[in-house]
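Chemist: I'll drop the sequence and a predicted model, then ask my questions.
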Amino acid sequence: MTLVLGGAASGKSAWAEGHVKTLGLPMIYVATAQALDDEMSTKIAAHRKGRGAGWETVETPLDPAAALRGLPADRAVLVDCATMWLSNLMLNEMETEPAVDGFLAALAASPAQVTVVSNEVGQGIVPDNALARRFRDAQGRLNIRLAAQADRVVHVVAGLPNVLKGEI
């Protein structure tokens with residue numbers, strides 16, 4: 001498993017898509033975003049257009065683990081992104097720890113080549129409200145667990161990959 005971390009608009013998704021394409025396998029895009037407003041609809045459309053052809057898309061805002069179950073080894077999967085998924089859980093007032101445990105178990109069990117995109121949220125200012133602080137802390141814990149489980153961890157800054165763990 002490859003974990004691709006970065007800040008907002010850092011180029012992490014574009015880098016992850018390029019990485020998945022280099023694997024030379026049929027590609028599956030596990031999308032966790034929801035088009036809840038016009039801005040997000042536009043962003044999702046731009047992501048789809050930027051990816052180009054050749055991707056099978058599975059939209060699963062609340063259970064990306066389900067999309068990973070039963071995949072064969074000859075697939076390259078991009079989960080984009082763990083941050084949106086976690087925020088979806090929290091905004092739906094769902095228990096995050098059991099969901100995270102299930103997601104990590106599905107990642108560990110998947111024979112497919114999985115790349116997960118996630119935001120690094122711990123390098124900014126302390127959020128000014130309790131929900132945002134809970135989210136930041138939960139995202140940090142999720143990233144730590146993902147990184148521990150990953151074979152490769154890449155931190156993307158300004159579109160440039162910095163390998164933190166493993167090799168590209």
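Modeler: Right, received. Where do you want to start?
Chemist: give me the phi and psi for the residue of the chain most remote from its centre.
Modeler: Centroid-distance maximum for the chain: Asp128 at 25.1 Å, with CA atoms, centre = their mean. When quoted as degrees, to the nearest 10, the phi and psi of Asp128 stand at phi -90, psi 0.
Chemist: and the gap between it and Val20?
Modeler: Distance from Asp128 to Val20, counting by CB to CB, to the nearest Å: 36 Å. The C-beta positions use only the backbone N, C-alpha and C, and glycine is treated the same way.
Chemist: over to Val126?
Modeler: Val126 is 34 Å from Val20, by CB to CB.
Chemist: how is Val4 assigned, secondary-structure-wise?
Modeler: strand (DSSP: H, G, I helix; E, B strand; the rest coil).
Chemist: give the contact list for Met40.
Modeler: 33-34 (CB atoms under 8 Å, 6 or more residues apart in numbering).
Chemist: ok so, going back, could you check which of Val126 and Val20 has the larger neighbour count?
Modeler: Val20 (24 against 7; other CB atoms under 10 Å).
Chemist: tell me which helix or strand the more buried one sits in.
Modeler: Val20 belongs to helix 12-22 when assigned by DSSP states H and E.
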